[in-house]
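A.B. asks: make a model of this:
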Amino acid sequence: MDFHYQEPYPILKEDTQYRKITSEYVKTEMVGDREILTIDPKGLELLAENALADVSFMLRSSHLQKLKNIIDDPEATDNDRFVAYNLLQNAAVAIEGALPSCQDTGTAICAAKKGENVYTGAVDAEWISKGIYNTYQKRNLRYSQIVPLTMFEEKNSGSNLPAQIDIYAEIGNEYKFLFLAKGGGSANKTFLYQKTKSLLNENSFDAFVRERIMDLGTAACPPYHLALVIGGTSAEANLAAVKKASAGYYDHLPTEGNMGGQAFRDLEWEKRVQKICQESSIGAQFGGKYLTHDVRVIRLPRHAASCPVGMGVSCSADRNIKGKITKDGIFVEQLEVNPKQFLPLTPPHLEPAVPIDLNQPMPAILAELSKYPIKTRLSLNGTLIVARDIAHAKIKELLDSGKAMPEYFKNHPIYYAGPAKTPTGMASGSFGPTTAGRMDVYVDEFQSHGGSMIMLAKGNRSKDVTNACHKYGGFYLGSIGGPAAILAKENITSVEVVDFEELGMEAVRKIEIKNFPAFIISDDKGNDFFDSIAH
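C.D. replies: Got it, this is the predicted structure:
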């Protein structure tokens, strides 16, 4: 066979709409017969700063249209519509630029392609990092990056650095970028399965997909943009394709393979997997049709002895944005500046939520919740205690040393969350729920001491939590994952730190809430919403 080089990911067209940031920082000059694009590295800083700022407060128009489609779909459930409407409202609040769309403002990621005729004379990753740093310093974003000092001792970096920056070489004299802000919930729903040739038939693959879709759950804030990648020259190549496919980066791949091994989209399986997601009945977090907005299924070449399969999502925050630097200037993808146009004139009709007064003794709140079945929509009013991973670990240390559980953990429901910075003049920064499953290991022990009797967070949980709630009479309430900005603006009236102030966003807080939306997920009778769907 003759030698033939195949571009691995041949993107057939580029239809991204860009806005121009500036014409500065770039110039061209001829070196021999080459036209060299020279970029002042301050241009890299400026592009990264703009991209991360835009993507923290704005969404793509296509994403917002898909949320509107849910509201307009007669087959959507009330829960689907309720989530979609809240997410559109959230976008309308975030666009104001004070409250980011999600409190987990993410790990900053940059994947770039640098033309061989582009010259910066600098360490590009350093200048891109500086731009990211600027945005997280200037805007009301959260510092989520934890750096290790020893194997087990860690500390928040205080800047949201380091970022993940990957730069590849290609021909030409343009510099192209994909920026992502990847929250923990979404990143944690990335899966790699090392399979074999036995998977590659219709029946086996269908069964595999049906089983794996249930692994997704709702912890990463659906509706999702789901990516499924089959094959890859290595595990890391597979997962890199998953991340880019979920961001829409590979939407314009070919739709058939060739002997060179080009990546391609399988449109038939995209429709089939989308139907499987709809039939799961998980829906947009609390039951229904819209676990996913859409699905990308991408087929890659593989080693004969390996068949990596990767699955991942872009969540309801969908923080993906392109950029480019050319001889004409510095550009960033144009995101939607008027999300309100996607809101319906009147909210979707929903049955009234059940009001729950949290400013009662804990036994009285538990007795009130016990009257209602799982899936009941609630409106919470009163006091919550906010605590997540590190705070839970510290309270366990207290119990392990023979000390008593703090009274605040017994007297109030526990909200798993960690806020973004509070804008000037506001009661709270963006303050949505975090993934509940990370705290599962603590529930039985804490409830045995009278704490964590009511928990509020997002996503499905383990059977251990259902069993603990049944054993001790507790409840797990699900909050909508995604609309952190509108929760801060409309539902949280005050925030104060009550313990472990040195932990920053992981400190224990007391917050006052009004009309805070939630659903009963696990109850005191051993019922669990997600378990009922799985069966």
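
A.B. asks: let me see the ranges of the strands in the stretch 201-350 of the chain.
C.D. replies: Counting by DSSP state E, counting those that start in this stretch, residue ranges of the strands within the stretch 201-350 of the chain are 224-232, 264-265, 292-302, 307-314, 320-326, 329-333.

A.B. asks: who wins for proximity to residue 506 among those strands?
C.D. replies: With Cβ to Cβ as the measure, strand 307-314 is the member of the strands of the stretch 201-350 of the chain nearest residue 506 (24.8 Å). Glycine gets a C-beta too; all of them are placed from N, C-alpha and C.

A.B. asks: now the closest one, how far from the centre of its chain.
C.D. replies: The chain centre lies 16 Å from the centre of strand 307-314; the measure is Cα atoms, centre = their mean, to the nearest Å.

A.B. asks: check stretch 419-433 too.
C.D. replies: For stretch 419-433, the distance between its averaged C-alpha position and the chain's averaged C-alpha position is 18 Å (Cα atoms, centre = their mean).

A.B. asks: and it, how far apart are its ends?
C.D. replies: With Cα to Cα, to the nearest Å applied, stretch 419-433 spans 9 Å between its terminal residues.

A.B. asks: buried residues in it, which are they?
C.D. replies: Applying a neighbour-count criterion of 16 or more other Cβ atoms under 10 Å, one finds 419-423, 428-433 buried in stretch 419-433.

A.B. asks: for stretch 134-149, same thing?
C.D. replies: Residues of stretch 134-149 classed as buried under the neighbour-count rule (16+ other Cβ under 10 Å) are 134-136, 139-145.

A.B. asks: where in the stretch 51-200 of the chain is pLDDT low?
C.D. replies: Across the stretch 51-200 of the chain, no stretch falls below the confidence threshold (pLDDT under 70).

A.B. asks: so which residues of it form helices?
C.D. replies: For the stretch 51-200 of the chain, the helices identified by DSSP state H, counting those that start in this stretch occupy 61-72, 78-94, 124-138, 184-187, in order along the chain.

A.B. asks: what of the stretch 301-450 of the chain?
C.D. replies: Under the criterion DSSP H, counting those that start in this stretch, the stretch 301-450 of the chain contains helices at 362-369, 389-400, 407-411, 440-448.

A.B. asks: who does the shortest one touch, helix- and strand-wise?
C.D. replies: In other words, helix 407-411. Counting by 3 or more Cβ pairs under 8 Å, 6 or more residues apart in numbering; DSSP states H and E, no packing neighbours are recorded for helix 407-411 among the helices and strands.

A.B. asks: residue contacts, residue 432?
C.D. replies: By Cβ atoms under 8 Å, 6 or more residues apart in numbering, residue 432 lies in contact with 102-104, 417, 458, 479-484, 487.

A.B. asks: go on, residue 370?
C.D. replies: Counting by Cβ under 8 Å, 6+ apart, the residues that residue 370 touches are 473, 523-525.

A.B. asks: repeat that for 7 Å
C.D. replies: Contacts for residue 370 (Cβ atoms under 7 Å, 6 or more residues apart in numbering) come out as residue 524.

A.B. asks: circling back to that earlier point, put together JSON lines for the strands of the stretch 201-350 of the chain, with mean pLDDT on each row.
C.D. replies: Conversion of those to JSON lines gives the following (pLDDT from 0 to 100):
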{"stretch": "strand 224-232", "mean pLDDT": "98"}
{"stretch": "strand 264-265", "mean pLDDT": "98"}
{"stretch": "strand 292-302", "mean pLDDT": "98"}
{"stretch": "strand 307-314", "mean pLDDT": "97"}
{"stretch": "strand 320-326", "mean pLDDT": "98"}
{"stretch": "strand 329-333", "mean pLDDT": "98"}
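
A.B. asks: and residue 359, how far from residue 513?
C.D. replies: Per Cβ to Cβ, to the nearest Å, residue 359 is found 11 Å from residue 513.

A.B. asks: for residue 120, same thing?
C.D. replies: 49 Å.

A.B. asks: mean neighbour count added to the strands of the stretch 201-350 of the chain, as a markdown table?
C.D. replies: Written out in a markdown table, the entries for the strands of the stretch 201-350 of the chain read as follows (neighbours: other Cβ atoms under 10 Å):
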| stretch | mean neighbour count |
| --- | --- |
| strand 224-232 | 26 |
| strand 264-265 | 19 |
| strand 292-302 | 22 |
| strand 307-314 | 24 |
| strand 320-326 | 23 |
| strand 329-333 | 21 |
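
A.B. asks: out of the helices of the stretch 51-200 of the chain, the one nearest residue 366 is which?
C.D. replies: Closest to residue 366 of the helices of the stretch 51-200 of the chain is helix 78-94 (Cβ to Cβ; 24.2 Å).

A.B. asks: contacts for the closest one?
C.D. replies: Residues external to helix 78-94 that are found in contact with it (Cβ under 7 Å, 6+ apart): 57, 59, 64, 67-68, 70-71, 99-101, 283-290, 316, 339-340, 342-343, 347-348, 350, 480, 482-483, 485-486, 489.

A.B. asks: re the thing from before, generate a ChimeraX selection restricted to the buried subset of the contacts of residue 432.
C.D. replies: Typed into ChimeraX, the line below selects the buried ones among the contacts of residue 432, using 16+ other Cβ under 10 Å:
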select :102,103,104,417,458,479,480,481,482,483,484,487
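
A.B. asks: tell me which of the contacts of residue 432 has the lowest pLDDT.
C.D. replies: Of all these, residue 482 has the smallest pLDDT value, namely 80.

A.B. asks: that one touches residue 318, doesn't it?
C.D. replies: No: the criterion here is Cβ atoms under 7 Å, and residue 482 misses it with residue 318 at 9.7 Å.

A.B. asks: ok, residue 19 - contacts?
C.D. replies: In this structure, residue 19 makes contact with 331-332, 334, judged by Cβ under 7 Å, 6+ apart.

A.B. asks: now do 10 Å
C.D. replies: Taking Cβ atoms under 10 Å, 6 or more residues apart in numbering as the criterion, residue 19 is in contact with 50, 54, 331-335, 337.

A.B. asks: now these in a markdown table, with distance to residue 507?
C.D. replies: Formatted as a markdown table, the entries for the contacts of residue 19 read as follows, by distance: Cβ to Cβ, whole Å:
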| residue | distance to residue 507 |
| --- | --- |
| 50 | 31 |
| 54 | 29 |
| 331 | 40 |
| 332 | 34 |
| 333 | 36 |
| 334 | 38 |
| 335 | 32 |
| 337 | 35 |
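
A.B. asks: just these now: which is nearest residue 325?
C.D. replies: For the contacts of residue 19, the minimum distance to residue 325 (Cβ to Cβ) is 7.4 Å, reached by residue 331.

A.B. asks: how close does the closest one sit to residue 62?
C.D. replies: Applying Cβ to Cβ, the value for residue 331 to residue 62 is 19 Å.

A.B. asks: could you do residue 396 as well?
C.D. replies: If you go by Cβ to Cβ, the gap between residue 396 and residue 62 works out to 44 Å.

A.B. asks: and what of residue 49?
C.D. replies: In this view, residue 49 and residue 62 are 24 Å apart by Cβ to Cβ.

A.B. asks: between the two, which has more neighbouring residues?
C.D. replies: Set side by side, residue 49 and residue 62 show more neighbours around residue 49, with 23 against 14, by other Cβ atoms under 10 Å.
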